[in-house]
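J.: below are the sequence and a predicted model for it; my questions follow.
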Number of protein chains: 2
Amino acid sequence: MTDPVETYVVSPIGVVRSPLRDLEHAPRQPDEGAPEAELVFDQAVAAALEGIEAGDVIELLTWLHLAGRDTLQTRPRGDASRPMTGVFATRSSDRPNPIGLHTVTVVEVGPGTLRVSGLEAIDGTPVIDVKIALGPQDVR
Amino acid sequence: MTDPVETYVVSPIGVVRSPLRDLEHAPRQPDEGAPEAELVFDQAVAAALEGIEAGDVIELLTWLHLAGRDTLQTRPRGDASRPMTGVFATRSSDRPNPIGLHTVTVVEVGPGTLRVSGLEAIDGTPVIDVKIALGPQDVR
């Protein structure tokens, strides 16, 4: 890539409300004992939730605001016995653009809110996008 | 969400090189006839690719730079017979933060490049993150 790089601005669309208060007590992945959490959306985007129902599997994107953006290599899962590995070959939250990707199930839909199963992101994490998980071709 | 919202800056880490030149000719999803593409990474982040191998399944995040950010509802797949639906309940590229999520397989690893299977993003699409796909718990 040789051209000058344009940058883009991400505006959070909501926030994670969770009993998880700090990274040290948070599990690493949704299926590793993470609790339910509530996603509270900005009023301005509430119409974009229309059609999401309890039971839907969604891809939740967050901005991992506490992550380090200068980390290029790490030991997977903080395991000192594992070799240094490029962050793109891991799920580390430390990476140039610290976007969290969480596949979770919607438990309950409220006005401007979604309650989701098993989310490892901590309270206060900005929500930046939601997509329905991609099902088989015949039901898209 | 009532607090003032902080925004974040995404800096592309690379770019998609693809035979797909415009949206009209691009398939909607990776498994709908999309061609192979090359991901060309910025030299500054090349070390973050260390450990990615041919055959790996990755989650590729792109910035869909041609998308509309003001769209909150749409008809899924542009199908006029389907009801207006919130963009968060779809995979539409039009959404407040137009981040593309593509699950693709690495075909070939070059110096600062990854060749991947079936990518529906068009030539010139900025790459913003790569994560290894999350496997079963015992191989993380």
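T.: Sure, I can see it.
J.: which residues are contacting the longest strand seen in chain A?
T.: Longest strand in chain A by number of residues, with DSSP state E as the criterion: strand A:99-110. For strand A:99-110, the external contacting residues (CB atoms under 8 Å, 6 or more residues apart in numbering or on different chains) are A:30, A:36, A:49, A:52-64, A:93, A:114-121, A:125, A:128, A:133, B:59, B:61, B:99, B:101, B:128-129, B:131, B:134. (Glycine included, C-beta is placed from N, CA and C.)
J.: in that strand, what's buried?
T.: A:99-102, A:104-106, A:109 (16 or more other CB atoms under 10 Å in any protein chain shown).
J.: buried ones in stretch A:44-54, by neighbour count?
T.: Per 16+ other CB under 10 Å, stretch A:44-54 contains these buried residues: A:45-46, A:48-49, A:51-52.
J.: among the residues you listed, which are in reach of chain B?
T.: Restricting the buried residues of stretch A:44-54 to those near chain B by CB under 8 Å from any CB of the partner chain leaves A:45, A:48-49, A:51-52.
J.: please name the nearest non-neighbouring residue to residue A:99.
T.: residue B:129 (5.3 Å; CB to CB, 6 or more residues apart in numbering or on different chains).
J.: give me phi/psi at residue A:89?
T.: phi -90, psi 10 (degrees, to the nearest 10).
J.: for it, which residues are in contact?
T.: Residues in contact with residue A:89, defined by CB under 8 Å, 6+ apart, are B:48-52, B:56, B:132.
J.: hmm, back to that, which SS class is the residue nearest to residue A:99?
T.: strand (DSSP: H, G, I helix; E, B strand; the rest coil).
J.: next one, pLDDT for it please.
T.: Residue B:129 is assigned 98 on the pLDDT scale.
J.: and it, what does it touch?
T.: Contacts of residue B:129 (CB under 8 Å, 6+ apart): A:88, A:95-97, A:99, B:13, B:60-61.
J.: taking these, tell me the two that lie furthest apart.
T.: Maximum pairwise distance in the contacts of residue B:129, criterion CB to CB, is 14.1 Å, between A:96 and B:60.
J.: show me which of the two is the more surrounded one.
T.: residue B:60 (26 against 23; other CB atoms under 10 Å in any protein chain shown).
J.: that one contacts residue B:118, correct?
T.: No - counting by CB atoms under 8 Å, residue B:60 does not reach residue B:118; the two are 10.9 Å apart.
J.: quick one, phi/psi of residue A:48?
T.: phi -80, psi -10.
J.: which element is residue A:15 on?
T.: Using DSSP states H and E, residue A:15 falls within strand A:14-17.
J.: so which elements touch that strand?
T.: strand A:37-41, strand A:126-132 (3 or more CB pairs under 8 Å, 6 or more residues apart in numbering or on different chains; DSSP states H and E).
J.: can you tell me which of those is packed in deepest?
T.: Across the helices and strands packed on strand A:14-17, averaging neighbours per residue (mean count of other CB atoms under 10 Å in any protein chain shown) puts strand A:126-132 on top, at a mean of 24.
J.: report the two of the buried residues of stretch A:44-54 separated the most.
T.: A:45 and A:51 (13.6 Å).
J.: circling back to that earlier point, can you redo the contacts of residue B:129 as JSON lines with secondary structure and distance to residue B:68?
T.: Converted to JSON lines, the contacts of residue B:129 look like this (DSSP: H, G, I helix; E, B strand; the rest coil; distance: CB to CB, whole Å):
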{"residue": "A:88", "secondary structure": "helix", "distance to residue B:68": "29"}
{"residue": "A:95", "secondary structure": "coil", "distance to residue B:68": "27"}
{"residue": "A:96", "secondary structure": "coil", "distance to residue B:68": "26"}
{"residue": "A:97", "secondary structure": "coil", "distance to residue B:68": "21"}
{"residue": "A:99", "secondary structure": "strand", "distance to residue B:68": "20"}
{"residue": "B:13", "secondary structure": "coil", "distance to residue B:68": "24"}
{"residue": "B:60", "secondary structure": "strand", "distance to residue B:68": "22"}
{"residue": "B:61", "secondary structure": "strand", "distance to residue B:68": "19"}
